[in-house]
Every structure is written in structure tokens, then in C-alpha cells.
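A.B. asks: need a 3D model of the following:
(chains A and B)
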2 protein chains.
Amino acid sequence: MTETLFIQADLLRTFSSKVFQRLGIPRDQAEDAADVLVWANLHGIDTHGVRNLKQYYVAQLEEGLIRPDAKIEIEHETPISARVNAGGGLGLAAACWGMRRAIAKAQESGSGFVSMNTSNHLGASGYFARMAVEHDMIGVSMTGYFLPQDAERGLLPTFGITPMLSTNPLSVSFPTEEEPPFLLDMATSIVPYNRIQMMREAGKPIPLGWGLDQNHQPTTDPDALYYLLPLGGPRELGGHKGYGLALMVGIFCAVLSGGWFDPAAMMKDESSPEAHGHFFQSDDPSKTDTGYVQRADAHFFGAIRLDLFRSAQDFKRGLDAMIRTIHSFPAEPGKEGVLYPGEIEYDTSQRRQREGIPIPGPIAADLRALSKKYALPLALGSRS
Amino acid sequence: MTETLFIQADLLRTFSSKVFQRLGIPRDQAEDAADVLVWANLHGIDTHGVRNLKQYYVAQLEEGLIRPDAKIEIEHETPISARVNAGGGLGLAAACWGMRRAIAKAQESGSGFVSMNTSNHLGASGYFARMAVEHDMIGVSMTGYFLPQDAERGLLPTFGITPMLSTNPLSVSFPTEEEPPFLLDMATSIVPYNRIQMMREAGKPIPLGWGLDQNHQPTTDPDALYYLLPLGGPRELGGHKGYGLALMVGIFCAVLSGGWFDPAAMMKDESSPEAHGHFFQSDDPSKTDTGYVQRADAHFFGAIRLDLFRSAQDFKRGLDAMIRTIHSFPAEPGKEGVLYPGEIEYDTSQRRQREGIPIPGPIAADLRALSKKYALPLALGSRS
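C.D. replies: Numbering: from 1, shown residues only, chains lettered A, B, ... in the order given. Below is the predicted model:
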């Protein structure tokens, strides 16, 4: 085991932003993207933090799979909605733009919804839902991918034997007055794929039930796991509900945004993004039987003002009271208590803000390589 | 085992409506309520069909727990939203009103949301989400209950040892062109409580993992099951996500509508429903530590027009193509194929529309008792 190092959140944010800028991302977008990554680390969502900086984002920018100069194009818009083409740019930044647009619409018109096609990896979905809370709004964020039919790994549909979907997360956040905000931020699979990778890196076995190997047998070996199971697991224990939620997320993101489409039909349509040479992750994905494909990540963002229903203060006091009531419920011996979504992550963020963000050895090596390559200072150290 | 009888959907609907009318429910509301129950039976959702007519609705109407003369009061309204007090009336009918209001708002303004307090049992949540689909809208429906702290049975929160929530269902429906609509309609527990009751009535054991007995041990005995587990089951397999979804539903329904409230504070407020003597299911519920309680079912309904984003036709063709693609995925040997939410229920409704609705012996006895008591004809028979 290599040593875990630590870095202050501010320094990690600056570093990550500068890495993105070195790769041609405009400064405001680079700062947005860095904030999404470091927020995930601060909140203990390390699966979606800077561990992905080099292996996902830098790699894809270098390979030309993410466009640093992407322009966001609004394909359709109303006072409460927009369908947006993210132009194949950095998903972390496009998603910030999308959620801000949803919030701005809600500020004007009560609610706002943005469905976004032709994006890339969103990062921690909860970050975007959480943005609405500062504005006394309910926040919703989702990202979804319907895989090509020859995908090697992914989420198995109920009764299926080949992967169909990504881990399609769903996030919903509610404002509070004194308590940390409610933030449900969940993959619709039992665990996200990055959790498996982290277990692999840590040399640990995974619990039985998270997924299956290539022979469709349950496995505890993270290297052998190919197929993730939907939340609920087998059909008898409700796995069809997790699969249904994953599909729901996929429809909000990809069908509503037009990111799931028929390329042949669109090439004939002069008004379509495809006809205009817009960018997709793969130039030749395996077609589905219907001709329709999803070629890039798609997202959905929503913001709903509390005062559509009652005063924000009344709502927030009510939710605070519900949280305190939850805390008053008796817990199993040895457990920290009965909790609510977002609570552990909030506590972690307070601690890591003070103590710094832990960076495991392999990720520290990644960051050092970026530091060297781009001649950027990186203040990794032991915890004092 | 007593014989299963059959009845035509139309006749069962008329019968149920007349039973409600005999108990003082106005005719239009009685017809709405009957349609909700028979829809559930038609679609194979027998847990929420006429099995509940005598044991839930008639019993509660006779005990005065449901008000037949309830008036719906709009407590707050905007062009896209309403907070509504259902006045302690029949939830089945109040929910039809609520969803129609959400749809009417969406027709005018693009989206519509109704949060409803002081209602009663909703019935099959999917019915209401499904209503939006006829109008080229996405439909959302939820119902939630935060239990008093001395509740005997209910959903256990993660790490908790006493029940906190009802099975808080979440339903989302999307329109299609040629395929049956997508309809996700799920309790956020592994199974709804009525499923346990149906297994008990059928004299069958339940699968291990659905819930726990009074000693917090897993059980296969439906009589011994007291505590339902959230979707996902134990923490390690994602049960905290099912619990988080159940809380989310509860907040949309009860906190947003004000159905979760502090009675002491409201009595001092002349404008509050409590001060005006509105009706609640229990006059003396056990208080929570914070003073806040939920005394009646609360619901949330949402409708979002597809053409906020793209033409309804484009969306529906895209979803049809996704459904056909889903069907083209290979399935486990012995399974009927890879399916999507709402498909089995739709097929069942087509069959039962032709063949009649099966009524198990004990439910037939209930319906016959109502038939006799209210002098209403009941055409139960064997399948021809």
C-alpha cells in the first residue's frame, strides 16, 4: 500500500483548473469543472473526484474525444425549458451551464428544466442538484447513457444477459434552514462503476451481490466484475425497480434531449445537429436494430421554487424538523444513528475543508505526472 | 383454497361506484374512485384493486375516518402550481382532481405541480402518472406518509429499528406512439405492504429479504413480518438509496404541501387549516420530539409537456425506438424477454378486459357482503 497524501481543497481546485486550462478549456469553464471535481472529493464522493482528472478528462481531451472549444447551442427554448446541444465539450462545465440556466428560468418563471444532448461525463451528479438549494429551490440532476448493443461492461437490465445502460444517476436536493441540505445522489445501479475500480485499486474484494462476472456468476473479485446489477439486485428483491429508474433517467436525459436519435434520418434533415457535423464520442458506434443510437452523454437538470407551494421559510423549517425527528429515531447498536441523504457527505466536507483532501498513492502519482507535464505546482503533503 | 371468480371490468366499475355513492360520495367522485380501483385490477396490480374496497375504503367511510362531504381547498396557487387541502376526503377521488389540475396547468403553462395535504389512501399511484400521457405530457405521482414514532409496522430506515415511513410509492409515465406507454410505478420499499397481505391470504411464504419480524430477524412468514425493508435491502447492497427515495417522496408530498406540520404552532395561527378544525385521520397521534407530525396522507402530482423540449411526435417515436431496442436485447433462458416498466401491466389489461377480472374467494366474499348490504347487483361468475 502506498501512502495517502493530503492537499487543501483550494489548492487542489486551482491545480485542477489550471490543468484544464492548459488543455485549452476557457478559464471560466475550467474553474467550474475543477469545482465539481473538488466538491466531490470534499464530500467524500472520491469515485467522482480528481481520481478522474488524468484518467478520464485529460485522456479524453488529449485524444480529441472532448472538445475544448465546444459551443453550447440552444436547440429549443421556452421560459421554463430548454433543449441544449453541448457540442461535445467538457461535461463538467456544460452541466454547470445547464443547471444555471434551469435556476435562472425558475427564478423568472417558477420552474426551469434543461435537457442536454451531445455532452460528456457529468462528474458527481449531486453537485448540480445541490446548486438549486442556495436559491430556495428543489434541485434535480440526472445523466444517462443507453449503451450500444456490443458494450462489454455496464448495467444489466432485469432478465437481460448483456449490458444496456450506464449507472444512470439520479440526484434530488431540498433546501433546509439550519440543518445540512437533503441531498439524495444515487447511481441507479447498486454501486457506480468507479466504486469497483476503487476497490480494485485498494486490492479489496467487493461484497457479493454488486454484480456478475462474464459468465453471469456473482463475484467478489473486482477484476472479474463485468456486469453491474440494478438497485434491488434480483427480480424477486425488486431489481426491476432499479432498472426502471435507470431507464427513466435515460429517457429524461436522452430521449427528451434528442440525444437518442436515428443518424440516418437526421442526416437527411438539414436542421439537425448531425447534418451540421456536430461532434459525437464515437464515429461508428454499433447500431441498434432500430437504427437509433446514443452517441454521447445526455443530462437533465431541473429547478423548482419552493414558494410555488408555500413560503421557503415554512418549507425549510418543516424539513429541519423532519431531520431532527429522523435523528430521534432509535438506531441499531453500533451504528452512528438514523441518518438522511447528504448528511455523512456534509460532515465529511466540513472535516476535509479543515484537514485537507486525502489523495491515495496511485492518484497522487497521476496528479504528479500532470504537475510535471504542465509545469504546475502541486502542494501534496502528509497530514500535519 | 376457495375458487377464483371473474367479473367484467365495466360491471365491477359500476358496482364499486355505487358502493361509494351509497356511502355518501358524490357521483362524479365515486366514478373517479371506482375507475382507479378497477384500473389497478385490470392492470394486474391487485394489491391496489377492489380488494381494498370493503377493508379500507368502506370501513374508513363507515368509521368516519374518510369524509364523504370533503371540500377541496386551494391554499396557494400559481399558474404552474397549487398547494391543496383535500379536507380528509376520499384520496382516490382527490388524487384524480389533483392530477387533472396539474395537467390543466401544464396545458396552459407548460408544466403543473400539485402538492396535496389532508388526504387519504391514494390507491395505485401509477394511475395518476398515467393520466398525463394522453395529453402528451410526462406524468409524475407520489404519495407519502411519515409515521408516528410508535407505529407498529412500516418501512425501516437504514440503521433504524423502528418503522418511519409508509411504502411511499413513486410513479413516472412517458408517452409513446405505438408501443404501450412507459409506466414506472414502484413502492420505494422492496414490496408494498399489501403484497404481504396477499401472500398471507394465499397461504404462501414470502421470499427471504422482503422484511423482518418483530425481533428484527428475516422471515418467510407473512404473519410474522412487521418491518418492510427499503428497495436495495441492507446498507451494503444499497438499501440507503431505497430509504432515501422514500424520504424524497415524503418531502415532495408532506413537507411541500404542509401536511407535515406543528399542530401547536398552527393552532395559534388563525389562517391555518388546523385552527379551522380541518379533519385529520387521528385526533391524538403520538407526537414526535420536534412537535411536528403528519396526520393524513399527502400526495404530489406533476405534469410536464413534451413540447417544452421537442415535438411530442419526435419524442414518442424516439421512445418507441428505445422500447423496440430494449426488446432486441438477449434475455436469460426461460424468461419472457427484456422488458420495460408498464409492459406486463399493459398486456394484463388487454387480457383482463377481454376475459374479466379474477376475484379470489375472500375478496369475492367481501364484495358479496357489500352487494347484500347495499342491495346492489354483482355479476361474479366462473370464467366461461
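
A.B. asks: which parts of the stretch 251-384 of chain A sit against chain B?
C.D. replies: A:251, A:255-258, A:260-262, A:288-292, A:304, A:306, A:308-310, A:314-315, A:318-319, A:321-322, A:324-326, A:328-332, A:335-341 (C-beta under 8 Å from any C-beta of the partner chain). (Glycine included, C-beta is placed from N, CA and C.)

A.B. asks: just the buried members of these?
C.D. replies: Buried subset of those (neighbour count, 16 or more other C-beta atoms under 10 Å in any protein chain shown): A:251, A:255-258, A:260-262, A:288, A:290, A:292, A:304, A:306, A:308-310, A:314-315, A:318-319, A:321-322, A:324-326, A:329, A:331, A:338-341.

A.B. asks: mind listing which of those are in helices?
C.D. replies: Within these, residues falling in helices by DSSP state H are A:256-257, A:314-315, A:318-319, A:321-322, A:324-326.

A.B. asks: out of those, which comes closest to residue A:18?
C.D. replies: Proximity of those to residue A:18 (C-beta to C-beta) peaks at residue A:257, which lies at 31.5 Å.

A.B. asks: and stretch A:78-89, how far apart are its ends?
C.D. replies: Start-to-end span of stretch A:78-89 (C-alpha to C-alpha, to the nearest Å) is 24 Å.

A.B. asks: same question, stretch A:76-88
C.D. replies: End-to-end distance for stretch A:76-88: 18 Å, by C-alpha to C-alpha.

A.B. asks: quick revisit: kindly reformat the ones in helices among the buried ones among the residues of the stretch 251-384 of chain A next to chain B as JSON lines and extend each row with pLDDT.
C.D. replies: Shown next, in JSON lines, are these (pLDDT from 0 to 100):
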{"residue": "A:256", "pLDDT": "98"}
{"residue": "A:257", "pLDDT": "98"}
{"residue": "A:314", "pLDDT": "97"}
{"residue": "A:315", "pLDDT": "98"}
{"residue": "A:318", "pLDDT": "97"}
{"residue": "A:319", "pLDDT": "98"}
{"residue": "A:321", "pLDDT": "97"}
{"residue": "A:322", "pLDDT": "97"}
{"residue": "A:324", "pLDDT": "96"}
{"residue": "A:325", "pLDDT": "96"}
{"residue": "A:326", "pLDDT": "97"}
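
A.B. asks: for stretch A:94-108, give the mean pLDDT please.
C.D. replies: Averaging pLDDT along stretch A:94-108 gives 98.

A.B. asks: could I get the buried residue list for it?
C.D. replies: By 16+ other C-beta under 10 Å, the buried positions in stretch A:94-108 come out as A:94-103, A:105-106.

A.B. asks: cool, and stretch A:165-182?
C.D. replies: A:165-176, A:179-182.

A.B. asks: follow-up on the earlier one: determine which two of the buried residues of stretch A:94-108 are furthest apart.
C.D. replies: Across those (C-beta to C-beta), the longest gap, 18.9 Å, separates A:94 and A:106.

A.B. asks: can you name the next helix or strand after the host helix or strand of residue A:106?
C.D. replies: Element membership for residue A:106, per DSSP states H and E: helix A:91-109. Once helix A:91-109 ends, the next helix or strand along the chain (criterion: DSSP H and E) is strand A:111-119.

A.B. asks: list the helices and strands that next one packs on?
C.D. replies: strand A:81-85, helix A:91-109, helix A:256-257, strand A:297-305, strand B:111-119 (3 or more C-beta pairs under 8 Å, 6 or more residues apart in numbering or on different chains; DSSP states H and E).

A.B. asks: let me know which of the ones you listed is the nearest to residue A:361.
C.D. replies: With C-beta to C-beta, the closest approach to residue A:361 among the helices and strands packed on strand A:111-119 belongs to helix A:91-109: 24.6 Å.

A.B. asks: coming back round to it: okay, the helices and strands packed on strand A:111-119 in TSV with distance to residue A:69 next?
C.D. replies: Formatted as TSV, those follow (distance: least, C-beta to C-beta, whole Å):
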stretch	distance to residue A:69
strand A:81-85	14
helix A:91-109	12
helix A:256-257	21
strand A:297-305	18
strand B:111-119	34
